[in-house]
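Chemist: pasting the sequence and the predicted coordinates here, then a few questions.
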Amino acid sequence: MLTPFERPAVVLDCGTGYTKLGFAGNGEPSAVIPTVVAVPQVRSRPGPFDDLDYSIGDAALAAATSSALHYPVKQGMVESWDVMERFWQQCFFQHLRVDSSAHNVVLTEPALNTTEAREAAAEVLFESFSVPGLHIGVQAVFALYAAFGQQERGRALTGAVVDAGDGYTSCIPVVNGFVLSAALRSLPVAGRDVTRLVQKLLRERGAPVPPDQWLEVARQIKEAHCYTCSDATKERAKFDADPGKHVRLWEGVNAKSGARFRCGVGVERFLGPEALFRPEMVTSEPAQPLPEMVDACIQSCPIDTRRALYGNIVLSGGTTMFKNFGTRLQRDIQRIVDARMARSGGGALRVTVTSHGRQQHAAWFGGAMLGAMPEFASVCHTRAEYAEHGPSICRSNSVFRDIA
Ligand SMILES: Nc1ncnc2c1ncn2[C@@H]1O[C@H](COP(=O)(O)OP(=O)(O)OP(=O)(O)O)[C@@H](O)[C@H]1O
Ligand SMILES: [Mg+2]
């Protein structure tokens, strides 16, 4: 019989919007599903509902009209462990079709996760799912490894990770494999705000989208047609001068009647992603534009780490997937740095933003890499350790540095 270390570990990256789930050693998650649980209206309390009486992911969203939706993750942090447990139940048994007691688990966590949350995750996974082993790792650290691939395996890396997901965007400085959490910065603007902005702009222009399909259509349009421009005023002038060249046609199907509808996608193509560079377009909260936020984050790190951090800004998360996103971010940060150097009379400092093929699911992929390394055994807490010491074994966060 195979031991858990001979079977692929299950890798779970549960984001505010989407959960990426699959197996260590793979290049892509087996499934990417909305992080949501639907409980039929009559039993809308997420209490001890029976295992078959709820749905998760896309099936949950499809049941929205007759169910109460519960989102277990808010701003990257687990808010309800009861809902999370139900969600994981179907992740293991329905989506991955595995016996949770036979596979080790790699779980990702946000950089500012609390000790309590880490221990609660260990408790649920060891006690309710009887997992044989568990490693909990920070999404940003995994993302750094995803960007640099196998050749760097086991080496403690340094870089500033810009993680833009569905619910929030943050800049996380990592030095020699450790997160400098005091310097971490976040921006309350991410993918779902861009989707809402695209929806608002299209709606104002009278696009004929069925009312209950708006959000989904706006998200699909965003993912297919939006891009980051270098200058929004000039870009608008280009659209005005030759709309035929820049407007894209979107065709959808009315889910109820089956009728086709069409709309032109114009300035929303670049104005949507612009919200990350001008947060006032979507929020009244005080928020720095993304390039300023990344600069402020690195400036608050120890002076001897800054050159390395500016030189290795790594992208992670679905909202960094807009075409030219990395180029614009690099240029804007470089301008801020150059202006500061010109004022202070300092020398040149090169900013490098790394776009890479694994960006979209970077945290998941880094976890999948770790789970497939022979050294995984040395950073995986076992059920025997849990039985002896309890959830506190997961209190401290082992990083890749431990493997080197
Ligand atoms: N090709 C694409 N272009 C632009 N945006 C995309 C693309 N693919 C996915 N997205 C957006 O990325 C977001 C999901 O990203 P991700 O899975 O990294 O977020 P998350 O982990 O759920 O959230 P968070 O990290 O905020 O907790 C969604 O808003 C989605 O619409
Ligand atoms: Mg995420």
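Modeler: Okay, I see it. Ligands and ions are numbered 1, 2, ... in the order given.

Chemist: C-alpha from now on. contacts and neighbour counts both.
Modeler: Will do.

Chemist: in the stretch 1-150 of the chain, which spans are helices?
Modeler: In the stretch 1-150 of the chain, the segments counted as helices under DSSP state H, counting those that start in this stretch are 57-62, 81-90, 115-123, 139-148.

Chemist: low pLDDT regions in this structure?
Modeler: Where the chain drops to pLDDT under 70, the residues are 42-52, 149-156, 396-404.

Chemist: need phi/psi at Phe261.
Modeler: phi -130, psi 160 (degrees, to the nearest 10).

Chemist: ok, longest helix in the protein?
Modeler: helix 325-344 (DSSP state H).

Chemist: ok now that helix, how far from the chain's centre?
Modeler: Chain-centre distance of helix 325-344: 25 Å, with C-alpha atoms, centre = their mean, to the nearest Å.

Chemist: can you list the buried residues in it?
Modeler: When burial is assessed from 16 or more other C-alpha atoms under 10 Å, helix 325-344 yields the following buried residues: 325-334, 337-338.

Chemist: quick one on the thing from earlier: out of the helices of the stretch 1-150 of the chain, which one sits most buried?
Modeler: helix 139-148 (a mean of 26; mean count of other C-alpha atoms under 10 Å).

Chemist: what does it contact?
Modeler: 108-111, 152-153, 157, 159, 161, 163, 172, 174, 177-179, 314-316, 354, 356-359, 362-367, 369, 399 (C-alpha atoms under 8 Å, 6 or more residues apart in numbering).

Chemist: coming back round to it: need the buried residues of helix 325-344 in CSV with distance to ligand 1, can you?
Modeler: Shown next, in CSV, are the buried residues of helix 325-344 (distance: C-alpha to the nearest ligand atom, whole Å):
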residue, distance to ligand 1
Phe325, 10
Gly326, 13
Thr327, 15
Arg328, 15
Leu329, 15
Gln330, 18
Arg331, 20
Asp332, 20
Ile333, 21
Gln334, 23
Val337, 27
Asp338, 29
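
Chemist: near ligand 1, which residues of the stretch 301-404 of the chain?
Modeler: 317-319, 321-322 (C-alpha under 6 Å from any ligand atom).

Chemist: show me the contacts for the closest residue in space to Gly266 that isn't next to it in sequence.
Modeler: Distances taken as C-alpha to C-alpha, 6 or more residues apart in numbering place Val247 nearest to Gly266, at 4.7 Å, with adjacent residues excluded. Shown in contact with Val247 (C-alpha under 8 Å, 6+ apart): 239, 264-267.

Chemist: are any of these buried, and if so which?
Modeler: With burial judged by 16+ other C-alpha under 10 Å, the buried subset of the contacts of Val247 is 265-267.

Chemist: all strands of the stretch 251-400 of the chain, in order?
Modeler: Using DSSP state E, counting those that start in this stretch, the strands of the stretch 251-400 of the chain run over 260-265, 313-316, 353-354, 381-382.

Chemist: need phi/psi at Ala287.
Modeler: Dihedral angles (degrees, to the nearest 10) for Ala287: phi -150, psi 140.

Chemist: got a list of what it touches?
Modeler: Here Ala287 is in contact with 187-188, 279-280 (C-alpha under 8 Å, 6+ apart).

Chemist: 10 Å - rerun?
Modeler: 186-189, 276, 278-280, 293 (C-alpha atoms under 10 Å, 6 or more residues apart in numbering).

Chemist: go on, Leu197?
Modeler: So Leu197 contacts 191, 203, 218, 222, 268, 271-275, 281-282 (C-alpha under 10 Å, 6+ apart).

Chemist: so how far is ligand 1 from it?
Modeler: Per C-alpha to the nearest ligand atom, to the nearest Å, Leu197 is found 12 Å from ligand 1.

Chemist: and the gap between the residue nearest to Gly266 and Arg269?
Modeler: From Val247 across to Arg269, the span is 9 Å (C-alpha to C-alpha, to the nearest Å).

Chemist: and this structure, which residues reach ligand 1?
Modeler: 15-18, 75-76, 165-168, 191-192, 219, 223, 317-319, 321-322.

Chemist: so which of these sit within strands?
Modeler: Using DSSP state E, the members of the residues of the chain next to ligand 1 that fall within strands are Tyr18.

Chemist: just the buried residues of the residues of the chain next to ligand 1.
Modeler: Buried by 16+ other C-alpha under 10 Å: 15-18, 75-76, 165-168, 191-192, 219, 223, 317-319, 321-322, out of those.

Chemist: still on that earlier bit, with distance to Ser130 added, can I get the contacts of Val247 in TSV?
Modeler: Listed next are the contacts of Val247 as TSV, based on distance: C-alpha to C-alpha, whole Å:
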residue	distance to Ser130
Phe239	57
Gly264	52
Val265	49
Gly266	52
Val267	51
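
Chemist: tell me the contacts of Ala24?
Modeler: Ala24 touches 7-12, 104-106, 364-373, counting by C-alpha under 10 Å, 6+ apart.

Chemist: rerun that using 7 Å as the cut-off
Modeler: With contact taken as C-alpha atoms under 7 Å, 6 or more residues apart in numbering, Ala24 is in contact with 8-11, 368-369, 371-372.

Chemist: over to Pro34?
Modeler: Pro34 neighbours (C-alpha under 7 Å, 6+ apart): 17-19, 57-58.

Chemist: do Leu184 as well
Modeler: 171-173, 297.

Chemist: just curious, which of those residues is nearest to Ser128?
Modeler: Nearest to Ser128, judged by C-alpha to C-alpha, of the contacts of Leu184 is Ile172 at 32.0 Å.

Chemist: what about the closest one, distance to Ala147?
Modeler: Noted for Ile172: a distance of 15 Å to Ala147, by C-alpha to C-alpha.

Chemist: what is the neighbour count of Gly366?
Modeler: When counting by other C-alpha atoms under 10 Å, one arrives at 30 neighbours for Gly366.

Chemist: ok now stretch 333-353, how far from the chain's centre?
Modeler: On C-alpha atoms, centre = their mean, the centre of stretch 333-353 falls 29 Å from the chain's centre.

Chemist: typo on my end, stretch 248-257
Modeler: Worked out by C-alpha atoms, centre = their mean, stretch 248-257 lies 28 Å from the chain centre.

Chemist: end to end, how far does it reach?
Modeler: For stretch 248-257, the separation between the terminal residues is 24 Å (C-alpha to C-alpha).

Chemist: now do it: everything it contacts.
Modeler: 210, 259-266.

Chemist: can you report phi and psi for the residue lying farthest from the centre of the chain?
Modeler: No residue in the chain sits farther from the centre than Gly345, which is 38.4 Å out by C-alpha atoms, centre = their mean. In terms of degrees, to the nearest 10, the main-chain angles of Gly345 are phi 70, psi 20.
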